[in-house]
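Engineer: Okay, here's the prediction I keep looking at, along with the sequence it came from:
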Amino acid sequence: MSTITRHTVPGLPPSMSPSSHAVEADGFVFLTGQFARNLDDPGSPLPEGIASQTEQTLKNMERVLGSLGLKIENVVSVRAFLTNFKRDYDEMNEVYSRFFHPDHRPTRTCVGVTDLVRDALIEIDCVARR
């Protein structure tokens, strides 16, 4: 049986849901969904627009990965959730593509949802590999 490690990262605000920041098993690291809150001031308003929210969400993902000794290149799979899929998909992709080098792009599923925490426009979770 493999060891399962649940990570609550010091210096980061707690998850909005009753969950760990990440869970690790067999060299895979599963990050809980990230959204565009400011991790240093979590109560502050979310940025306006899908481009700004996508950028902040991915920076948050990088920060959590970094706290675990990982980089964006370690990401093997991503799930993105958009509250306005038709309006925001192309603009989200423009920002998203800047974070993942063409030679290191993970698999991805992107779906439209009816609502997200704090009225966020996007939430992203991922799986990384050590």
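Structural biologist: Received the coordinates, thanks.

Engineer: Endpoints of stretch 16-36, how far apart?
Structural biologist: Terminal residues of stretch 16-36 lie 12 Å apart, using Cα to Cα, to the nearest Å.

Engineer: Pull out the buried residues from that stretch.
Structural biologist: Neighbour counts over stretch 16-36 (16 or more other Cβ atoms under 10 Å) mark 16, 20-22, 24, 29, 31-36 as buried. For glycine as for every other residue, the C-beta is placed from the backbone atoms N, C-alpha and C.

Engineer: now stretch 22-36: how far from the chain's centre is it?
Structural biologist: With Cα atoms, centre = their mean, to the nearest Å as the basis, stretch 22-36 stands 9 Å off its chain's centre.

Engineer: if we can go back for a sec, among the buried residues of stretch 16-36, which are in strands?
Structural biologist: 22, 24, 29, 31-34 (DSSP state E).

Engineer: about what we covered before: name the pair among the buried residues of stretch 16-36 with the greatest separation in space.
Structural biologist: Greatest spatial distance in the buried residues of stretch 16-36: Glu24 and Ala36, 24.8 Å, computed using Cβ to Cβ.

Engineer: Report the distance from stretch 35-52 to the chain centre.
Structural biologist: Relative to the chain's own centre, stretch 35-52 is displaced by 13 Å; criterion: Cα atoms, centre = their mean.

Engineer: tell me how far the ends of it are from each other?
Structural biologist: Termini of stretch 35-52 sit 11 Å apart (Cα to Cα).

Engineer: low-confidence ranges in this protein?
Structural biologist: Low-confidence segments of the chain, defined by pLDDT under 70: 1.

Engineer: And Val29, how far from Pro14?
Structural biologist: Distance, Val29 to Pro14, using Cβ to Cβ, to the nearest Å: 18 Å.

Engineer: Please report how far Pro45 lies from Ala22.
Structural biologist: For Pro45, the distance to Ala22 - Cβ to Cβ - is 26 Å.
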